[in-house]
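K.L.:
Prediction below, plus the sequence it came from.
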Amino acid sequence: MSLRFGIVPDARSGKEWVAAVRAAEERGYHTVLAPDTLFTPSPFPLLAAAAAVTSDIRLRTNVVAAPLRSAAETVRETAALRLLSDGRFELGIGSGRPQAEQEAQRLGRPWPSAARRRGQVIEVIGAVRSQVDPAPPIVVAAAGPRMLAVAAAHADRVLLAAAPSATESELADLIATARAHTDRPLPCTLQIAGIGDRLPYWLRHHLGHTPAELRARGAAALLPSDPRAALDTLLRRRETHGIDEIVVPGELADAFDPILSAARAIGHR
């Protein structure tokens, strides 16, 4: 099982975005990911632009909030990106971040119960798989037991939507919960929260985390600064827990470069 890497590029203009996705492909990243929030650009045009300037790297929403669009809208956007990317698009989807309720209000869309939102995720996945040919890989973000059960039943991959401070033991519990609902392989993705003393701006200034606090908590998403030690940690988690994909915030790309280089040297990307 190979270890692969995705990146959420940090860009403030079209030129920066194009440069960032080209650099990601040249560095050997497997996937470019675009978030779906009202304080970031819409992921579908971002990924369409990425498709136009790359040839191999895969493209994924990270993640579409199912309640913010109809199933038909998501099918249409998915089909367009499958076409424009020559099949490199992957649909990342979830039931919505905690802040997505306010975003739904701004968009004039209802915010239903948690059970109904889980149902919307299932409906969108079903519509995409039945109406987009060939259907893209589906990645479902999940943390709670009911959403993990949805991911186990319907996803090709689960994005562990755990808190940045979650320990490795807590991640293992999430994975075990998901796998209790399926007898097929269920690969897992984890987004890192920091490297050494480096944290993304949003994590430090909006959520109030510090490297010292995450380190004291034993946060699994905080990697050691030594590249070999960090890679050894990731390889062990791949073997132990099946976490075979790591997502890197764009702000940490330079700090992650030595880890990526070490991984590429032994055949991972």
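P.N.:
Received, thanks.
K.L.:
For residue 209, give its distance to residue 162.
P.N.:
13 Å (CB to CB, to the nearest Å). From N, CA and C alone the C-beta is placed, and that goes for glycine too.
K.L.:
Name the residue in these two with the higher neighbour count.
P.N.:
Taking other CB atoms under 10 Å, residue 209 and residue 162 do not tie; residue 209 has more neighbours (23 against 20).
K.L.:
Quick check: closest non-adjacent residue to the more buried one.
P.N.:
Leaving aside its chain neighbours, residue 209 sits nearest to residue 203 (5.1 Å; criterion: CB to CB, 6 or more residues apart in numbering).
K.L.:
can you tell me which residues contact the one you found?
P.N.:
Taking CB atoms under 8 Å, 6 or more residues apart in numbering, we find residue 203 in contact with 164, 193, 194, 209.
K.L.:
before we move on, what about residue 155?
P.N.:
125, 138, 139, 140, 186.
K.L.:
What strand or helix carries the first one?
P.N.:
What that stands for is residue 125. Assigned by DSSP states H and E, residue 125 falls within helix 114-131.
K.L.:
For the helix or strand just after that helix, which helices and strands make contact with it?
P.N.:
Going down the chain from helix 114-131, the next helix or strand is strand 138-142, by DSSP H and E. Contacts defined by 3 or more CB pairs under 8 Å, 6 or more residues apart in numbering; DSSP states H and E place strand 138-142 against strand 89-94, helix 114-131, helix 145-154, strand 157-160.
K.L.:
Flag the shaky bits of the stretch 101-250 of the chain, pLDDT-wise.
P.N.:
For the stretch 101-250 of the chain, not a single residue meets the criterion pLDDT under 70.
K.L.:
Counting neighbours, what do you get for residue 87?
P.N.:
Per other CB under 10 Å, the neighbour tally for residue 87 reads 10.
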